[in-house]
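> show me how the following folds:
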Amino acid sequence: MNNINKIERLIDGLQVKTQTNEIHWKNSNPPNNLTAGTEEIFSLFLKSNFNGQDIGIYEKRYKYFYDHEPTSFIWAHAYGLCILQNNKVIFTYEKNSPALAMLFEMATAQNADIDSLISQL
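Predicted coordinates:
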C-alpha cells in the first residue's frame with residue numbers, strides 16, 4: 001500500500017472517530033515550522049490526539065499566481081493534514097481530497113459544538 005493510500009485510510013478512520021466523538025478537535029495555533037517564511041494564511045488550525053500522536057488539520061489560503069506576473073494572482077485555499085511531534089510538523093498531506101475536506105468540515109463542526117447549538121433550538 002503506498003503512502004497516499006495509507007493517509008487516505010487514516011483520514012477515513014479519523015472521520016469515523018470524529019463522528020463517534022472518540023477523538024476531539026480543538027483550536028490551536030499552527031506550528032511555526034508550518035507558517036514561517038510563507039505568505040500563507042492559516043484560517044483555522046485544529047489539533048487532536050489519536051493513539052498518543054498529535055494530528056493537525058487546517059485550511060490555508062495562499063496566492064495562486066497566473067500569467068507569470070507578480071501582480072496577477074487570486075487567493076486559493078487548500079486543506080491539509082499534518083502529524084506533529086513536540087509541536088513541530090514532521091509530516092504534511094495537502095491533496096485535493098474529498099475525504100480530507102469532509103474531515104475538516106466534521107472537525108470544525110465538532111469544535112464549534114454545532115450539535116449543542118441545534119439542541120438548544
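> any idea which element the residue lying closest to Leu14 once chain neighbours are set aside lies in?
Counting by C-beta to C-beta, 6 or more residues apart in numbering, Leu103 is the residue found nearest to Leu14 once chain neighbours are left out, at 5.7 Å. C-betas here are computed from N, CA, C, even on glycine. For Leu103, the enclosing helix or strand under DSSP states H and E is helix 98-111.
> next one: that helix to chain centre, how far?
8 Å (C-alpha atoms, centre = their mean, to the nearest Å).
> likewise stretch 53-63?
Stretch 53-63 has its average C-alpha position 4 Å from the chain's average C-alpha position, going by C-alpha atoms, centre = their mean.
> low pLDDT regions in the chain?
Low-confidence segments of the chain, defined by pLDDT under 70, span residues 1.
> so where do the helices sit in it?
3-19, 32-35, 98-111, 114-119 (DSSP state H).
> and for the residue nearest to Leu14, the neighbour number?
Neighbour count for Leu103, taken as other C-beta atoms under 10 Å: 25.
> got a list of what it touches?
Under the criterion of C-beta atoms under 8 Å, 6 or more residues apart in numbering, the contact partners of Leu103 comprise 11, 14-15, 18, 57, 81.
> quick one on the thing from earlier: out of the helices of the chain, flag the one nearest Gly52.
helix 3-19 (13.7 Å; C-beta to C-beta).
> let me know the angle separating the closest one from helix 98-111.
On the basis of axes from the mean of the first three to the mean of the last three C-alpha atoms, to 10 degrees, helix 3-19 is oriented at 30 degrees to helix 98-111.
> could you give me the buried positions within helix 3-19?
When burial is assessed from 16 or more other C-beta atoms under 10 Å, helix 3-19 yields the following buried residues: 7-8, 10-11, 14-15, 17-18.
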